[in-house]
Every structure is written in structure tokens, then in C-alpha cells.
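A.B. asks: I need the structure of the sequence given here:
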Amino acid sequence: MIFPILDRFLYKEIVKFTFLALASVVTIYILIDVFEEIDYFLNYHTGLPLIFLYYLHILPEAINLLLPASLILATFMVYGRMTRSGELVALRSSGITLFRIFQPAILIGFISIFFLFWSKDFLEIPLKRKLRQFQREKIEKKEIFREERRRDIYYIGEDNYIFYIKELERKGRMGRFTISHLDEKQKVRERYDGDGAIWNGKIWLGKEVFIRRFSQEGESLERRDTLSLLFIKEKPEDFFREIESSEEMRLKELIVYINKMRKIGYATDQEEVNYHLRFSQAFIGLIVILLGLPLAVRLRRGGVTLGLGLGLLFSFLFWGMIQIFRAMGEARLLSPFLSTFLPDFIFLLLALFLMLRTER
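C.D. replies: Modelled structure (predicted):
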């Protein structure tokens, strides 16, 4: 009967202190940012409602960044208090192992994995994209400029097609173009050179198109007055779409982008690092809890202040190591996988070592 009561108590306390810690550190984070951005808001005479909406857009990013620190702070608060009050000794003397006492905190750590991963892809990234438009429209009050014409477009399309378009109109008129089709070895298989093309709402219709085909036997040339360019999957507006940075791509978009770049032989180290970071960063909450648990039960003196200090210290050390190894991955000193997961492995091994020593 003791286990359900103990579990309910620990779940309630850990969640309560996590929310309190998270509210505190997020508030401090936002206040610091307000002071940094105060000149920006004053220059555009931004009212309090718009400032509130501005920070509502960046709230998921702040929560994802500071949730691990909040979890380790809550761990020190709950288990450190149980240690100092003697409750932990009483529970262990009744035959309950430390691992069983730690179970609620570890389960919350596993839940944090799914929360951090989901929140990054479905809240943080979409809101960061909307933030740019919100700034332009609501704060800076700039007119929305809809680009109707572009010149000298380089575009990487689907199925290994690379476009160079001299001029393009959004309404569906393409000027002189060169489209190269690469094979699996990134060599040009076919090339299409045309005077122009028109979008009829379904397909592109090229005019005065020269088709060059390359093979081991040599090169062949074919000329067409008109040609249905069925291999072009893109609509006119696709060529006007802004390319997001890999950090602001959702996971599915990032996978498509990496595969597209790989097929044409482009280096994707930075993108692959960001891809693996989506997974490795989701484990930070669990790892800091595993690290905090054995340290919290060892507290005898120093009380809450020491626990809070240690919690913040380990959180920021962990975060700093992640950034260092990330830079090493982008510089090709480590593989993308190792550069993102090595900090997790190091701190996880440290946490397990401390956990085993504590149990003994």
C-alpha cells in the first residue's frame, strides 16, 4: 500500500516544483530579453499587447531551453528535502530501494523526452516562423511586399533536377532556362535549354527547347518547338518560396532537404548535425534527472541553496558541452551523430556511475 501513496506524493511534488522552477526561470529569461529589446520596441512605439504577443511567440523556445534546468532543480528540491528530513532513511530502512524511490522522477524524465521532441517540431519552429511576419506586420508596420518577378534563379528541384532560370514571373511565365538532370553519380544525364516556358495551371509548356542527352556513347541533341515539361513538379510559387534555415525546418522538411542535397553531391554536415540534435536534445531532461537524483540524496549540509546551485551548474555545463560538440560536428571534426550524442553519453555514464555508488 505504501508504493501508490509514495508515488502519488513524489509525482505531485516533482511536477509542482518543476512548474514553479520553470515559471521562475522563464520569467527571468523573458525579463532579460525585454531589457535587451527595449530600444527596438520604443523605436516602433510598440504597445504592451503587442509586446505580450511577441513573447508569446518565443515562449515555447524558452520553455524547451529551460525545462531541463527546471527538472533538475525540482529533483534537488524534492529528494534533497527528503534526505535532510530523514524521510529517505526511513523509507530505506523499511526495505525500499533507492531505485524504487527514484522511479517517479525517472518516469517524468521519460515523459519529458516526448514533450521536448513534440514541442520543438509542432510549437517552437512554427511560432518562430510566424514571429518574423508578426514583427513586419504588427510591430514594424511594413507593407507586405509580394515579389512578382525574380531574375537569375538557382533552384534544386525534385528527382535530381537543377534549375537555372534567367527570369520568372509569379503569374507563370518563365524566361530562358537551363535544367540539368543528374544521375546517381552526380553527373549530368540530360540538359534542357529553352527560350521560355508557360504554366497552364497544370504543367509547364516549354518553347524552343534543346534536349541534350549524355551517355557513354556520346552526346545526342534534339530540338522541340514546344515540349511538355512533365518532369517539373514545381508550381510558379514554389520558385518564390523562401528557403528556411535548417534550424527552422520541421523534422520532415529537414529530412527531405538533406536527401535532396545528398543526391546532387552537396555537403550536408550542418543540416545533419541539426537533424541529430532534434533527437539528442530531447533526452536532456531525463539525463539531468538521472544526474540530479544521486547528488540530491547526498546533500547533508548546504540545504536548498547548494542544491539549486549544483542543479544550475550541471545544466549549463551540459548545455555548454552540447554547443562545443555541435561546433565540432559542423566543422567535420566529428561525425554528425557523435557530435550530438556524445555529450548525452558522457553525462549519462556519469549519472549511472553516481547512481550505482549511491545505491551501494
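A.B. asks: Please count neighbours and contacts with C-alpha atoms only from this point.
C.D. replies: Will do.
A.B. asks: show me the biggest helix of the chain in terms of residues.
C.D. replies: Assignment by DSSP state H gives helix 2-43 as the longest helix of the chain.
A.B. asks: Tell me the first helix or strand C-terminal of that helix.
C.D. replies: helix 48-85 (DSSP states H and E).
A.B. asks: so that following helix versus helix 2-43, what angle?
C.D. replies: Comparing the axes of helix 48-85 and helix 2-43 via axes from the mean of the first three to the mean of the last three CA atoms, to 10 degrees yields an angle of 150 degrees.
A.B. asks: Hmm, residue 182 is touching residue 189, no?
C.D. replies: Yes - under the criterion of CA atoms under 8 Å, residue 182 makes contact with residue 189 at 5.3 Å.
A.B. asks: Of the two, which one has the most company?
C.D. replies: Using other CA atoms under 10 Å as the criterion, residue 182 and residue 189 rank with residue 182 on top: 19 against 16.
A.B. asks: pLDDT weak spots in the stretch 1-150 of the chain?
C.D. replies: 1-2, 144-145 (pLDDT under 70).
A.B. asks: Would you state the strands of the chain in chain order?
C.D. replies: 149-156, 161-169, 173-174, 177-182, 188-199, 204-215, 218-229 (DSSP state E).
A.B. asks: possible to save those strands as TSV with distance to residue 347?
C.D. replies: Below are the strands of the chain laid out as TSV (distance: least, CA to CA, whole Å):
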stretch	distance to residue 347
strand 149-156	40
strand 161-169	44
strand 173-174	55
strand 177-182	44
strand 188-199	47
strand 204-215	54
strand 218-229	54
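A.B. asks: how many other residues sit next to the closest residue to residue 26 other than its chain neighbours?
C.D. replies: Nearest in space to residue 26, with sequence neighbours left out and distances taken as CA to CA, 6 or more residues apart in numbering, is residue 62 at 6.2 Å. For residue 62, the count of nearby residues is 18 (other CA under 10 Å).
A.B. asks: State the distance from residue 62 to residue 106.
C.D. replies: From residue 62 across to residue 106, the span is 23 Å (CA to CA, to the nearest Å).
A.B. asks: Next: residue 295.
C.D. replies: Per CA to CA, residue 295 is found 14 Å from residue 106.
A.B. asks: One more: residue 291?
C.D. replies: Taking CA to CA, one finds residue 291 at 11 Å from residue 106.
A.B. asks: Who has more neighbours out of these two?
C.D. replies: Between residue 291 and residue 106, counted using other CA under 10 Å, residue 291 has the larger neighbour count: 25 against 19.
A.B. asks: so residue 262 sits right up against residue 271, yeah?
C.D. replies: No - with contacts counted by CA under 8 Å, residue 262 stays clear of residue 271, the gap being 10.8 Å.
A.B. asks: Compare these two (neighbour count), which wins?
C.D. replies: Neighbour count, other CA under 10 Å: between residue 262 and residue 271, residue 271 has more, with 21 against 14.
A.B. asks: what's the spacing between that one and residue 249?
C.D. replies: For residue 271, the distance to residue 249 (CA to CA) stands at 10 Å.
A.B. asks: Quick one: list the elements packing against the longest helix of the chain.
C.D. replies: helix 48-85, helix 98-119 (3 or more CA pairs under 8 Å, 6 or more residues apart in numbering; DSSP states H and E).
A.B. asks: Deepest-packed of those, please.
C.D. replies: helix 48-85 (a mean of 21; mean count of other CA atoms under 10 Å).
A.B. asks: Let me know the angle separating it from helix 98-119.
C.D. replies: Orientation check (the same axes, to 10 degrees): helix 48-85 against helix 98-119 gives 170 degrees.
A.B. asks: list the helices and strands helix 48-85 packs on?
C.D. replies: Partner elements for helix 48-85 (3+ CA pairs under 8 Å, 6+ apart): helix 2-43, helix 98-119, helix 125-134, helix 284-296, helix 303-330.
A.B. asks: and if we set it to 7 Å?
C.D. replies: With contacts defined as 3 or more CA pairs under 7 Å, 6 or more residues apart in numbering; DSSP states H and E, helix 48-85 has these neighbours: helix 2-43, helix 125-134, helix 284-296, helix 303-330.
A.B. asks: mind putting those in JSON lines, distance to residue 116 included?
C.D. replies: Output for those, formatted as JSON lines (distance: least, CA to CA, whole Å):
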{"stretch": "helix 2-43", "distance to residue 116": "14"}
{"stretch": "helix 125-134", "distance to residue 116": "12"}
{"stretch": "helix 284-296", "distance to residue 116": "8"}
{"stretch": "helix 303-330", "distance to residue 116": "15"}
